[in-house]
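Peer 1: Here's a sequence, model it:
(chains A, B and C)
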Amino acid sequence: MSSFSDDDAFEAAAAPQPSLSQQAMQARGAPYLDGLNVAQREAVETLDGPVLMLAGAGTGKTKALTCRIAHLLGTGRARPNEILAVTFTNKAAREMKSRVAALTGHVEGMPWLGTFHAICVKLLRRHAELVGLKSNFTILDTDDQLRLLKQLIAASNIDDKRWPARMLAGIIDGWKNKAWTPAQVPVGEASAFDGKGVALYSAYQQRLKDLNACDFGDLLLHMVTIFQTHEDVLAQYQRWFRYILVDEYQDTNVAQYLWLRLLAQGHKNICCVGDDDQSIYGWRGAEVGNILRFEKDFPGAHVVRLEQNYRSTGHILGAAAGVIAANKGRLGKTLFTEGEDGDQVRLIGHWDGEEEARWIGEEIESMQRGTRGNAALPLNAMAILVRASHQMRAFEDRFLTIGLPYRVIGGPRFYERMEIRDAMAYFRLAVSHDDDLAFERIVNTPKRGLGDKAVQTIQTTARSNGVSLVEGARLAVEGGLIKGKGGKALAELVQRLDRWHRQLREEADTHVEMAEMILDESGYTGFWQNDKTPEAPGRLENLKELVKALENFENLQGFLEHVSLIMDNAQEEEDDKVTIMTLHAAKGLEFPAVFLPGWEDGLFPSQRSMDESGLKGLEEERRLAYVGITRAEKLCTISFAANRRVYGQWQSQMPSRFIDELPSEHVEVLTPPGLYGGGYGAAGMGAEANPASMGMTSNLHQKAADANVYNSPGWRRLQARSQQRPVSQPLESRTMVIDMTATSSFTTGDRVFHQKFGYGEVMEIEGDKLVIEFDKAGEKKVVAKFVVSAAAADDVPF
DNA sequence: AAGTCCTGGTTTTTT
DNA sequence: ACCAGGACTT
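Peer 2: All right, here's what the predicted structure looks like:
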């Protein structure tokens, strides 16, 4: 159990207000106010009444936010535990904490600085009984949630093919984001999920209550419910939180908005920071409307605009401004810089996605050498920002081929990996035998000969006796209901669970030793050791890391409490590598050089987004474009391809409509926009690469013509290629892709290139497996079920 | 109960 | 093209 020692002074008398002269004195000598610009200073020093800080990209909003906190503390306006400061991500919370600490010199404190979810957990643990939970409730992850929903769907005789659990999870999440309890779902939603959505939602909430659990959405929803139905509880917190600060306000959903509004009604000292132009999470419930409506919601609000940008050059800001200007209903900001104009944003069209990757690879290498009249840049200074994660593949393939170090951000997070979840389920079960979901997860992992039927027997036994699944399993074993190998294994499992539980209580061993023992005795470690698939060693590595992470906690329970809210994965930053990530993942980051590939209609803006959300969707895509461009400090390169393979099919592409919105004075056109394979329907042979045939009226065409780009060698090469090569064939390929089932194509001594491990040499051939010694690590690996391309060592494929 | 084949779906992602 | 989950087979 977490202790509440940091806020036990909750009901203590209010802090005495310092006199004005005292404030002025303290403020004068306040080092944290140095170096703020006029707007930032206004945002920091306006302490009475609601404040909306409209902070454009790169305008120093975190600085303003942290200085405001320092100022509140420095002037004695509030004590650290009277300030509520909420962020969306753990990363942002960490950053704010450390910056406040650096400004004020107090390392700890600020117990109420955290993510919405972390703060809600803290609150909900104190008031859980008001929504029918116990204080030690567990927080379900998405897997548990889905397993539960699947059971409910199966129980209500719905065709789970047409109505999958994932869809229901999405619907329920959406409702929770809107702060609708089952009773509050409006009648207009009655047809959701084959008309049974609301009933299933209600059943789901009941199941959660029975399990003493809640999901992520509940953390907020329950707190909103409590605040709405228990005036005394609300009043207590309204009194306590003298100042409220909110980061990324444009990303708040309805539930978060209600939560904030309820809390802010006490002192009305709420300061929201956000940028309506950077709202890119509408698809997961964020309401830009919240920030647009701020002045209505909080009468007397003071709006401060941070418009001086410290990140990007003039041309980059100009290009970004041109794109975002096409959106309607903005609050409006005009970013400016006192720095240089710098290089124009570059725009280049390519024949296909592979050529785009090839060109960007070369460009990165040349920037690394410092050509183009710019200083040499380390790879860490460069990023490729894509719309959809499948675009990353082309770059990975290419960079592996030329040996360019890269780092991919995103993908499955550490705590979402299968092996980590399995291990956690064992830990959860050892701590509490009541955790039915954890039991279901691991009962047959590793394989114990317990199939659907055995699991069903356990479930019915448990239900008819009104006990948990572990107890049900015990009864089933004792009653001889499960026979043979499975029965034996189950008996053993139950026995071990008992012993682990006892040992945890007795604290005979440290929790780290216990964790290792649990993984060992359960057979889970052995399960992966015996697995010969190439990912098995990585999984074992992850398990080791998990055990190592345990060392930072007092006990297993404490670890489990924290982990459910921290889905971060730490990235090693010290290596010099190019970063590849999605535009969404790039929000809040900055890089000297940014590449924005794949600017093609349908891909970016995404067709699906436009289909599903129409103009609203398009505007969000446009904000994404804005976010992308404004990540760049010095160099920004936008590109598109005329042809792209989509789900294995070649498709001719239209340049993104956003390209036409780029103001030409801020753009350097390397090849003309409008390059695409002869228009729609003509994908295939000899597509025209002549701007005259494209019917595009981009303001950039003339510019391209003026620059004589159409006569440039690059353009001629494109034209020549377009005439030679059918679209359905890869451009030029010297790598031969060989399926490992055809090992006969190899002989020992062959040089090979592997997508994951790089270059190597075939040492032995064993049936359908190759034993390859890879150059890089000098280690031998048995490779099976992998695609290997043949490549001569001296002939690096281009 | 476990291994193999087939089908459908494929934007973005935090907590 | 590629993956995951479910139906189907052993």
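Peer 1: and A:Thr747, how far is that from DNA strand C?
Peer 2: 25 Å (CB to the nearest atom of the strand, to the nearest Å). Where C-beta positions appear, they are placed from N, C-alpha and C, glycine not excepted.
Peer 1: Setting aside sequence neighbours, what's the nearest residue to that residue?
Peer 2: Computed as CB to CB, 6 or more residues apart in numbering, the closest residue to A:Thr747 that is not its neighbour in sequence is A:Val762, at 7.1 Å.
Peer 1: neighbours around that neighbour, how many?
Peer 2: 20 (other CB atoms under 10 Å).
Peer 1: what about it, which SS state?
Peer 2: strand (DSSP: H, G, I helix; E, B strand; the rest coil).
Peer 1: Below-threshold pLDDT in chain A: ranges please.
Peer 2: Residues of chain A that meet the criterion pLDDT under 70 lie in A:1-30, A:107-108, A:372, A:567-573, A:672-746, A:750-761, A:765-798.
Peer 1: In chain A, what residue lies closest to DNA strand C?
Peer 2: For chain A, the residue closest to DNA strand C is A:Gly648, as judged by CB to the nearest atom of the strand, at 2.9 Å.
Peer 1: Return the set of buried residues in stretch A:459-471.
Peer 2: A:459, A:461-462, A:467-471 (16 or more other CB atoms under 10 Å).
Peer 1: err, stretch A:80-100, not the other one
Peer 2: Neighbour count says stretch A:80-100 has A:80-90, A:92-93, A:95-97, A:99-100 buried, by 16+ other CB under 10 Å.
Peer 1: what's the nearest residue to A:Arg99 once chain neighbours are set aside in contact with, if anything?
Peer 2: Spatial nearest neighbour of A:Arg99, chain neighbours left out: A:Thr66 (4.2 Å); criterion: CB to CB, 6+ apart. Counting by CB atoms under 8 Å, 6 or more residues apart in numbering, A:Thr66 touches A:96, A:99-100, A:103.
Peer 1: And A:Thr66, how close does it get to A:Ile638?
Peer 2: 33 Å (CB to CB, to the nearest Å).
Peer 1: picking up where we left off before, could you check how far the residue of chain A closest to DNA strand C is from A:His390?
Peer 2: 11 Å.
Peer 1: more neighbours, these two?
Peer 2: Taking neighbours as other CB under 10 Å, A:Gly648 and A:His390 compare with A:His390 leading, 12 against 5.
Peer 1: Helices along the stretch 151-300 of chain A, start to end?
Peer 2: For the stretch 151-300 of chain A, the helices defined by DSSP state H, counting those that start in this stretch occupy A:165-177, A:197-210, A:216-229, A:231-240, A:254-264, A:288-292, A:294-297.
Peer 1: now those in TSV, with distance to DNA strand C and mean neighbour count?
Peer 2: Below are the helices of the stretch 151-300 of chain A laid out as TSV (distance: least, CB to the nearest atom of the strand, whole Å; neighbours: other CB atoms under 10 Å):
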stretch	distance to DNA strand C	mean neighbour count
helix A:165-177	8	19
helix A:197-210	16	18
helix A:216-229	19	21
helix A:231-240	40	15
helix A:254-264	27	21
helix A:288-292	32	21
helix A:294-297	40	15
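Peer 1: what residue lies at the spatial centre of chain A?
Peer 2: A:Ala585 (5.9 Å; CA atoms, centre = their mean).
Peer 1: That one and A:Gly410 touch, don't they?
Peer 2: Yes: shown here, A:Ala585 and A:Gly410 form a contact pair, counting by CB atoms under 8 Å, at 5.3 Å.
Peer 1: picking that back up, keep the buried residues of stretch A:80-100, but drop any that are not near DNA strand B.
Peer 2: A:88-90 (CB under 7 Å from any atom of the strand).
Peer 1: tell me which of those residues is nearest to A:Asn177?
Peer 2: Among those, A:Phe88 lies closest to A:Asn177 (CB to CB), at 13.1 Å.
Peer 1: Tell me the backbone dihedrals of the closest one, please.
Peer 2: Here is the backbone geometry of A:Phe88 (degrees, to the nearest 10): phi -100, psi -40.
Peer 1: Spit out the contact partners of A:Ala264.
Peer 2: With CB under 8 Å, 6+ apart, A:Ala264 has these contacts: A:50, A:244, A:270, A:298.
Peer 1: so which of those is the most crowded?
Peer 2: A:Ile270 (26 neighbours).
Peer 1: returning to that earlier point: as JSON lines, the ones next to DNA strand B among the buried residues of stretch A:80-100 with distance to A:Gln557 would be great.
Peer 2: Formatted as JSON lines, these follow (distance: CB to CB, whole Å):
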{"residue": "A:Phe88", "distance to A:Gln557": "27"}
{"residue": "A:Thr89", "distance to A:Gln557": "25"}
{"residue": "A:Asn90", "distance to A:Gln557": "20"}
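Peer 1: wait, does the longest strand anywhere in chain A make contact with DNA strand B?
Peer 2: Looking across chain A with DSSP state E, the single longest strand is strand A:632-646. No: if you take CB under 7 Å from any atom of the strand as the test, strand A:632-646 misses DNA strand B, and the best it gets is 8.8 Å.
Peer 1: sorry, back to before: which of the buried residues of stretch A:80-100 fall in strands?
Peer 2: Using DSSP E, the buried residues of stretch A:80-100 in strands are A:83-87.
Peer 1: all helices for the stretch 451-600 of chain A, in order.
Peer 2: So, for the stretch 451-600 of chain A - with DSSP H, counting those that start in this stretch - the helices run A:452-465, A:469-478, A:484-506, A:511-521, A:524-529, A:536-550, A:556-563, A:583-586.
Peer 1: The second one: which residues count as buried?
Peer 2: Neighbour-count burial for helix A:469-478, with 16+ other CB under 10 Å as criterion, is recorded at A:469-477.
Peer 1: what residues are up against the residue nearest to the centre of chain A?
Peer 2: Shown in contact with A:Ala585 (CB under 8 Å, 6+ apart): A:409-410.
Peer 1: Kindly report the same for A:Gln529.
Peer 2: Neighbours of A:Gln529 in contact, by CB under 8 Å, 6+ apart: A:536, A:540.
Peer 1: coming back round to it: which one of the helices of the stretch 451-600 of chain A lies closest to A:Ala286?
Peer 2: Nearest to A:Ala286, of the helices of the stretch 451-600 of chain A and by CB to CB, is helix A:583-586 at 11.7 Å.
Peer 1: Is any residue of that closest one near DNA strand B?
Peer 2: Yes: among the residues of helix A:583-586, A:584-585 lie within reach of DNA strand B under CB under 7 Å from any atom of the strand.
Peer 1: what are the C-alpha coordinates of that helix, in CSV please?
Peer 2: The C-alpha coordinates for helix A:583-586 follow below in CSV (Å, rounded to 0.1, in the frame of the first residue of the first chain):
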residue,chain,number,x,y,z
LEU,A,583,4.5,12.3,-36.3
HIS,A,584,2.4,11.6,-33.2
ALA,A,585,5.4,10.3,-31.3
ALA,A,586,7.4,13.4,-32.3
